[in-house]
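**Student:** Predicted structure and sequence below. I'll ask about it afterward.
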There are 2 protein chains.
Amino acid sequence: MTTSPRILIVEDEEPLSLLLRYNLESEGYAVESAMRGDDAELMLKEHIPDLVLLDWMLPGLSGIELCRRLRQRSDTKNLPIILLTARGEEDERVRGLATGADDYVVKPFSVPELLARVGALLRRVSPNRVASSLEAGDLHLDRSSHRVRRGGRELHLGPTEFRLLEFLMERPGRVFSRAQLLDHVWSMDSEIDERTVDVHVGRLRKAINKPRERDPVRTIRGAGYSFDENFGRKA
Amino acid sequence: MTTSPRILIVEDEEPLSLLLRYNLESEGYAVESAMRGDDAELMLKEHIPDLVLLDWMLPGLSGIELCRRLRQRSDTKNLPIILLTARGEEDERVRGLATGADDYVVKPFSVPELLARVGALLRRVSPNRVASSLEAGDLHLDRSSHRVRRGGRELHLGPTEFRLLEFLMERPGRVFSRAQLLDHVWSMDSEIDERTVDVHVGRLRKAINKPRERDPVRTIRGAGYSFDENFGRKA
DNA sequence: TTCCTATGTCATCCAATTGTGATGATCTGA
DNA sequence: TCAGATCATCACAATTGGATGACATAGGAA
């Protein structure tokens, strides 16, 4: 599952961090973690996850400060953040939310509750990232069963084509350069020729389109590819 | 399944307690826990769960003593109790069962085994809460008698193949990676080669499929295996 | 002990998948 | 309309991943 939602844990108490990692991973999330606020900030310069679990008190750079900074960067302005606050700091919650966190949880918290909040927030912010199935027009992609259907018929996609379609359908309308697609759909740091993306897009098209069906994959010359957000509407 | 069965864990080793909680919760149970025998007794005055996992050696009030007391209270006389005993205390099992426990498990135990016992005991006590048999098409798996039939004929599966089929049939359609299967069907932390899963899937297939019968086990290249949710429908 | 079953590993075979280079089609702007 | 830039496809060789049969071992049953 290359496209599972990524969560960054920023927490200096290692046992808690591990507990969170363990539980989140078994929920199917891809987890990264940092023990210090400043480390986290560096990681966020490299790569932006889908959600951040942020401890309030941190060495290096406090959670609240990091939160504030993230809200100022344009690329993390809307990044979902859940603050972890210790009991007794509850009064700070107002300050926390004012600083821009989307939610907060008071330690010690129950794991299921945290998981529920994480799920709720992700669903609110990017429903497609967590939906168990994606649909557009007569195209239907089911993640849990790894099936893709168009109309009634079941389609057979190779692993790469599946991930590619999944990625594009999660973000209909948005255009991705070949480099971006290589980063997200292939593994990071892939040394693959950009032209290879063309080939896979071609394979994907061949797999999902019958002779005279409409093609939901749009080529934007000079820019990249996208999933047609109007696919399924109008004629 | 109306509401999820509640399970009380009484165990002073925190890591083990968390492990149990985690696994039970992901099986859909509602979990409460206590670290001391006397705490547990207090909790049991407040609210009676559907089943208790009780450590033999406990601070405050020993497991065996707690067990005995519970058997004397009219409202907990029939409360299902599974004792957790350490290796070397096995001889005590007789005393444990004599004291009124319904089952016991020797530490270190395999998680699937424990889950199986929990399920078995709950089924025995309140059969309606858990399905005792799984069916799909002409496949029929009976948990309590540990038998599997296809059409009329009885199939012979090894223990591992049985658990594997049971696990997959419980979640038809969902795809599981080899790592997930190792976690859930084997025991957690198993240091087993992922390829071993292939072998067992192969054995399972050989056991349940006659020469030209449809295979309900789906291989999803690059992702894992699943039980075909369409098995039994259409041609 | 001896036989038998269940398991985990390997080695090997086979088929699906994948990245690339070549080639032809299209589009863009001058 | 023409040249260069971009894409779409194809064929192909290499690689990967999955299926299968053989084997050694561990544990139980007899």
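**Tutor:** All right, it came through fine.
**Student:** Is any residue of stretch A:146-164 near DNA strand D?
**Tutor:** No. No part of stretch A:146-164 sits near DNA strand D under the criterion Cβ under 7 Å from any atom of the strand; the closest distance found is 7.8 Å. C-beta here means a position set from N, CA and C on the backbone, and glycine is covered the same way.
**Student:** Other residues contacting that stretch?
**Tutor:** A:2-3, A:138-142, A:165, A:181, A:185-186, A:200-201, A:203-204, A:207-208, A:210, A:213, B:175, B:220-223, B:226 (Cβ atoms under 8 Å, 6 or more residues apart in numbering or on different chains).
**Student:** Can you flag the buried ones in these?
**Tutor:** A:2-3, A:139-142, A:165, A:181, A:185-186, A:200-201, A:204, A:207-208, B:175, B:220, B:226 (16 or more other Cβ atoms under 10 Å in any protein chain shown).
**Student:** Tell me which of these fall in helices.
**Tutor:** Using DSSP state H, the members of the buried ones among the contacts of stretch A:146-164 that fall in helices are A:165, A:181, A:185, A:200-201, A:204, A:207-208.
**Student:** quick one on the thing from earlier: please go through the contacts of stretch A:146-164 and note which also touch DNA strand C.
**Tutor:** Applying Cβ under 7 Å from any atom of the strand to these, those adjacent to DNA strand C are A:186, A:200, A:203, B:221-222.
**Student:** now for those, which pair is the farthest apart?
**Tutor:** By the measure Cβ to Cβ, A:Trp186 and B:Arg221 form the most distant pair in these, at 16.6 Å.
**Student:** So A:Met57 versus A:Glu13, what's the distance?
**Tutor:** Using Cβ to Cβ, to the nearest Å, one obtains 10 Å as the distance from A:Met57 to A:Glu13.
**Student:** Likewise for A:Trp56?
**Tutor:** Distance from A:Trp56 to A:Glu13, by Cβ to Cβ: 12 Å.
**Student:** Of those two, which one has the most company?
**Tutor:** Comparing A:Trp56 with A:Glu13 by other Cβ atoms under 10 Å in any protein chain shown, the one with more neighbours is A:Trp56, at 22 against 14.
**Student:** surely A:Asn209 meets A:Arg203?
**Tutor:** No. A:Asn209 is beyond contact range of A:Arg203, at 11.2 Å (criterion: Cβ atoms under 8 Å).
**Student:** that older thread, put together a markdown table for the ones next to DNA strand C among the contacts of stretch A:146-164, with pLDDT and distance to A:Val148 on each row.
**Tutor:** Output for those, formatted as a markdown table (pLDDT from 0 to 100; distance: Cβ to Cβ, whole Å):
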| residue | pLDDT | distance to A:Val148 |
| --- | --- | --- |
| A:Trp186 | 89 | 19 |
| A:His200 | 97 | 15 |
| A:Arg203 | 96 | 13 |
| B:Arg221 | 96 | 14 |
| B:Gly222 | 93 | 14 |
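**Student:** restrict these to contacts with DNA strand D.
**Tutor:** Applying Cβ under 7 Å from any atom of the strand, the subset of those adjacent to DNA strand D comprises B:221-222.
**Student:** Verify the contact between A:Val125 and A:Pro80 for me.
**Tutor:** Yes. Counting by Cβ under 8 Å, A:Pro80 is a contact partner of A:Val125 at 4.9 Å.
**Student:** So the two - more neighbours on which side?
**Tutor:** Shown here are A:Val125 and A:Pro80; by other Cβ under 10 Å, A:Pro80 has more neighbours (20 against 15).
**Student:** hmm, back to that, list the residues that are in contact with both of A:Val125 and A:Pro80.
**Tutor:** By Cβ under 8 Å, 6+ apart, A:Val125 and A:Pro80 have these common neighbours: A:51, A:102.
**Student:** Just give me the neighbour total for the closest residue to A:Leu122 other than its chain neighbours.
**Tutor:** Residue nearest to A:Leu122 in three dimensions, not counting chain neighbours: A:Val130, with 4.8 Å by Cβ to Cβ, 6 or more residues apart in numbering or on different chains. For A:Val130, the count of nearby residues is 21 (other Cβ under 10 Å).
**Student:** what does A:Gly37 give?
**Tutor:** 23.
**Student:** what's the distance between it and A:Ser17?
**Tutor:** Distance from A:Gly37 to A:Ser17, by Cβ to Cβ: 13 Å.
**Student:** isn't A:Lys77 right next to A:Arg71, touching?
**Tutor:** Yes. At 6.0 Å, A:Lys77 and A:Arg71 qualify as touching, with contact defined as Cβ under 8 Å.
**Student:** Mind checking which of the two has more residues around it?
**Tutor:** Legend: neighbour count by other Cβ under 10 Å for A:Lys77 and A:Arg71, higher for A:Arg71 (15 against 10).
**Student:** Apart from its chain neighbours, what residue comes closest to the more buried one?
**Tutor:** Spatial nearest neighbour of A:Arg71, chain neighbours left out: A:Gly100 (4.0 Å); criterion: Cβ to Cβ, 6+ apart.
**Student:** same thing with A:Met35?
**Tutor:** In space, A:Met35 is closest to A:Asp12, 5.0 Å off (Cβ to Cβ, 6+ apart).
**Student:** what does A:Phe227 give?
**Tutor:** That would be A:Leu168: by Cβ to Cβ, 6+ apart, it lies 3.9 Å from A:Phe227.
**Student:** Need phi/psi at A:Gly137.
**Tutor:** In terms of degrees, to the nearest 10, the main-chain angles of A:Gly137 are phi 60, psi -130.
**Student:** who in chain A is up against DNA strand C?
**Tutor:** A:156, A:158-161, A:186, A:191-193, A:195-196, A:199-200, A:203, A:221.
**Student:** now the residues you listed: which count as buried?
**Tutor:** For the residues of chain A next to DNA strand C, a neighbour count by 16+ other Cβ under 10 Å gives the buried set as A:160-161, A:186, A:200.
**Student:** farthest pair in these?
**Tutor:** A:Glu161 and A:Trp186 (12.2 Å).
**Student:** Poorly predicted segments of chain A, please.
**Tutor:** A:1-3, A:26, A:87-99, A:108-113, A:188-189, A:234-235 (pLDDT under 70).
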